[in-house]
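> below are the sequence and a predicted model; questions follow.
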Amino acid sequence: MKRKVLLIYTGGTIGMEKDYETGSLVPFDFSTIFKRIPEMNLLECEVSVHPFKNPVDSSDMGPQEWRMIANWITKNYDNFDGFLILHGTDTMSYTASALSFMLRNLDKPVILTGSQLPIGDLRTDAKENLLTSLYYASLYENDEAVIKEVAVYFEYKLLRGNRSLKYSAEFFDAYQSPNYPILGQSGVHLNVDKNVLWKPKGKFELDNYLNENVLFCRIFPGMNFESLLEIKTTEAIILQVFGSGTIFNNDKTQSVLQELKSRGIEIVVISQCISGGISFGKYSNSNIFTKIGAISGKDMTAESAITKAMHILKNPKYDRDFSELFSENICGEITEDF
């Protein structure tokens, strides 16, 4: 029996072609994808295509589009064995992270991929990324999906979506998962490391709640830290700090943080380092976060920390406070014993 995969095209370079009169990239009619990549007809799965009516550049993707994708997957969940989302590369890790929290307890694969070059380019990476992603999206053993989570496939590697980040705008190998092993790798054989795959803890359900009153702030030497007090509508701040959790050690810093906490603003701390994470108390300049009751983001990526905060902040479906929820490993986004 052929597995059925729903391919959702949102936009991005993978669905572009060059207008040789202007030299610019423009979207092509995605309904012609089977003609452009005839190898899709040879796959051992049936592919149905659902393109966005108006393709969206990845820099325009946000909560509204994340809800559209999550709702469409849920609407079609019982009719397909897997889902593939074609997406622009610049914000693909944000979308993958958001979907990992919104699509609770998946028991089917949701794979995201894109490309660095348009599908019609002679040197494109689009064809391999698309075809192999379809293999992963339809991978079953003993009538059970092998992958039961949101993942990103790019340049021969399958990564956990909420652990992925884009680190290169130039190389085909554009994505990394620095704090978690890769889920699978494509070579002569299609490999999956079953020991690191996420296992659902209940029945699948959609929770498309997102609170957009979240601010991300990367600190830097010499910044006017007091400017954070001028922000009026924020309910949670993700502070990206130095190393394993250090920040300026002065009375002004503590005063600002305490004032933010007194306003009921949640403060999450993550590291500017790509690898590793937060360890309060390792250096004295991190003790201030313990004093004011900040939350350690441990080894989370910025993309995952932001979208997790958006999802759990005042979410009526959760009955625990923000700090407890954020510290919990909901769907593989943090290392539990970090």
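Okay, I see it. Bear in mind that the values here come from a model prediction, so they are computed numbers and not experimental data. Numbering: from 1, shown residues only.

> next, the buried residues of stretch 299-314.
Buried positions in stretch 299-314, judged by neighbour count with 16 or more other Cβ atoms under 10 Å: 299-313. Placement of C-beta: from N, CA and C, glycine included.

> give the next helix or strand downstream of the worst-scoring helix or strand of the chain on mean pLDDT.
Least confident helix or strand, the chain: strand 25-27 with a mean of 78, by mean pLDDT, DSSP states H and E. On the C-terminal side of strand 25-27, the closest following helix or strand by DSSP states H and E is helix 33-36.

> list the buried residues of that following helix.
Neighbour-count burial for helix 33-36, with 16+ other Cβ under 10 Å as criterion, is recorded at Ile33, Arg36.

> which other residues reach that helix?
Contacts to helix 33-36, defined as Cβ atoms under 8 Å, 6 or more residues apart in numbering, come from residues Leu7, Tyr9, Phe28, Met40, Asn41, Val49, Ile119, Gly120.

> tell me where the stretch 51-200 of the chain has helices.
In the stretch 51-200 of the chain, the helices defined using DSSP state H, counting those that start in this stretch lie at 63-75, 92-102, 126-137.

> out of those helices, which one sits most buried?
helix 92-102 (a mean of 28; mean count of other Cβ atoms under 10 Å).

> which helices and strands does it pack with?
Under the contact criterion of 3 or more Cβ pairs under 8 Å, 6 or more residues apart in numbering; DSSP states H and E, helix 92-102 touches helix 63-75, strand 110-113, strand 150-154, strand 165-166, helix 302-312.

> re the thing from before, could I get the helices of the stretch 51-200 of the chain as TSV with mean pLDDT and distance to Ser168?
Converted to TSV, the helices of the stretch 51-200 of the chain look like this (pLDDT from 0 to 100; distance: least, Cβ to Cβ, whole Å):
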stretch	mean pLDDT	distance to Ser168
helix 63-75	98	24
helix 92-102	98	13
helix 126-137	95	15
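
> out of these, nearest to Glu21?
helix 126-137 (22.3 Å; Cβ to Cβ).

> and Val256, how far from Asn208?
Distance of Val256 to Asn208, computed by Cβ to Cβ, to the nearest Å: 34 Å.

> also Ile73?
Applying Cβ to Cβ, the value for Ile73 to Asn208 is 10 Å.

> repeat for Ser138
Distance of Ser138 to Asn208, computed by Cβ to Cβ: 25 Å.
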